[in-house]
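*Asks:* Build the 3D model from these lines:
(2 chains)
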Amino acid sequence: ETGVTQTPRHLVMGMTNKKSLKCEQHLGHNAMYWYKQSAKKPLELMFVYSLEERVENNSVPSRFSPECPNSSHLFLHLHTLQPEDSALYLCASSQDRGALEQYFGPGTRLTVT
Amino acid sequence: SQQGEEDPQALSIQEGENATMNCSYKTSINNLQWYRQNSGRGLVHLILIRSNEREKHSGRLRVTLDTSKKSSSLLITASRAADTASYFCVSPAGGTSYGKLTFGQGTILTVHP
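*Replies:* Numbers count the residues shown, from 1 in each chain, chains lettered A, B, ... in the order given. Okay, here's the model as predicted:
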């Protein structure tokens, strides 16, 4: 849709599973972001990467582990999640960390059972 | 903390009518953005207005900014069923949170054909 793709689009996992979310941007951007969108709550920023370096960790539990192997790819590794972690996880990118406009992927709908 | 708060929380109109959404924010900003999100999907950037601008147009969209009242409005003219979505006002978090955007809870707009 916008040059940012996310896989999978839907994921159902048990609390003892380990899974990973993948994000890829084709825009040549240098900053990438993970957001969590829960029902009835504003979009929450989880992590910010700039030039593959994590520059912000927004008090996210350690059961969420991000990885940015290069400026085009961003992963979110999940383990031992809780049912309240069920949400839409959105990836975004921007030209650089200070750029005003962010480009979002379609999101991964995660359900933890 | 939540910076922008949209009003109303939900708006239902008929195709062809105009839709107006309002946003209030708490701290001083140098720009404000509006994003749209179709149901369960990623966000799409609509328009950005800077603090030295009072009004900005983009197609059927008109955004106003009143920095003295810390408020903004988004007007969609001649609405279409395809405009059905959630609309978010987004502002920089400010301070030391460089590059961080803060989202409101959004206005859910339903346009009936």
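*Asks:* Any residues of chain B in contact with chain A? List them.
*Replies:* Along chain B, the residues adjacent to chain A under the rule Cβ under 8 Å from any Cβ of the partner chain are B:2, B:31, B:33, B:35, B:40-45, B:48, B:88, B:92, B:97-106. To be clear about C-beta, it is placed using only N, CA and C from the backbone, and glycine gets the same treatment.
*Asks:* mind listing what's buried in stretch A:69-84?
*Replies:* Within stretch A:69-84, the residues that qualify as buried by neighbour count (16 or more other Cβ atoms under 10 Å in any protein chain shown) are A:Ser71, A:Ser72, A:Leu74, A:Phe75, A:Leu76, A:Leu78, A:Leu81.
*Asks:* let me redo that: stretch B:31-38
*Replies:* Under the neighbour-count criterion of 16+ other Cβ under 10 Å, stretch B:31-38 has B:Leu32, B:Gln33, B:Trp34, B:Tyr35, B:Arg36, B:Gln37 buried.
*Asks:* Kindly report the same for stretch B:51-69.
*Replies:* Using 16+ other Cβ under 10 Å as the test for burial, stretch B:51-69 gives B:Leu61, B:Arg62, B:Val63, B:Thr64, B:Leu65, B:Thr67.
*Asks:* Same check on stretch A:46-56?
*Replies:* For stretch A:46-56, the neighbour count (16+ other Cβ under 10 Å) marks A:Met46, A:Phe47, A:Val48, A:Tyr49, A:Ser50, A:Glu56 as buried.
*Asks:* wouldn't the second one be in contact with A:Glu53 here?
*Replies:* No - distance between A:Phe47 and A:Glu53: 11.2 Å, which falls outside the contact criterion (Cβ atoms under 8 Å).
*Asks:* Run through the residues of chain A sitting next to chain B.
*Replies:* So chain A meets chain B at A:1-2, A:4, A:6, A:31, A:40-43, A:45, A:48, A:50, A:55-56, A:88, A:90, A:92, A:94, A:96-107, A:109 (Cβ under 8 Å from any Cβ).
*Asks:* quick one: strands adjacent to the lowest-mean-pLDDT helix or strand in chain A?
*Replies:* For chain A, scoring each helix and strand by mean pLDDT, DSSP states H and E identifies strand A:53-57 as the least confident one, at a mean of 80. With DSSP bridges as the test, strand A:53-57 is paired with strand A:44-50 (antiparallel).
*Asks:* for the strand it pairs with, what is the average pLDDT?
*Replies:* When pLDDT is averaged along strand A:44-50, the result is 91.
*Asks:* List the contacts of it.
*Replies:* With contact meaning Cβ atoms under 8 Å, 6 or more residues apart in numbering or on different chains, strand A:44-50 is reached by A:30-38, A:54-58, A:60, A:64, A:66, A:68, A:74, A:76, A:96-97, B:99-101.
*Asks:* re the thing from before, from the buried residues of stretch A:69-84, which is closest to chain B?
*Replies:* For those, the minimum distance to chain B (Cβ to the nearest Cβ) is 14.1 Å, reached by A:Leu74.
*Asks:* hey, what's that closest one bridged with?
*Replies:* For A:Leu74, the beta-bridge partners are A:Cys23 (DSSP bridges).
*Asks:* Ok, B:Leu75 next?
*Replies:* B:Thr20, B:Arg62.
*Asks:* quick one: contacts for the residue nearest the centre of chain A?
*Replies:* In chain A, the C-alpha closest to the average C-alpha coordinate belongs to A:Trp34, at a distance of 3.1 Å (Cα atoms, centre = their mean). Applying Cβ under 8 Å, 6+ apart to A:Trp34 gives the contacts A:Cys23, A:Leu45, A:Met46, A:Phe47, A:Pro66, A:Leu74, A:Leu76, A:Tyr89, A:Leu90, A:Cys91.
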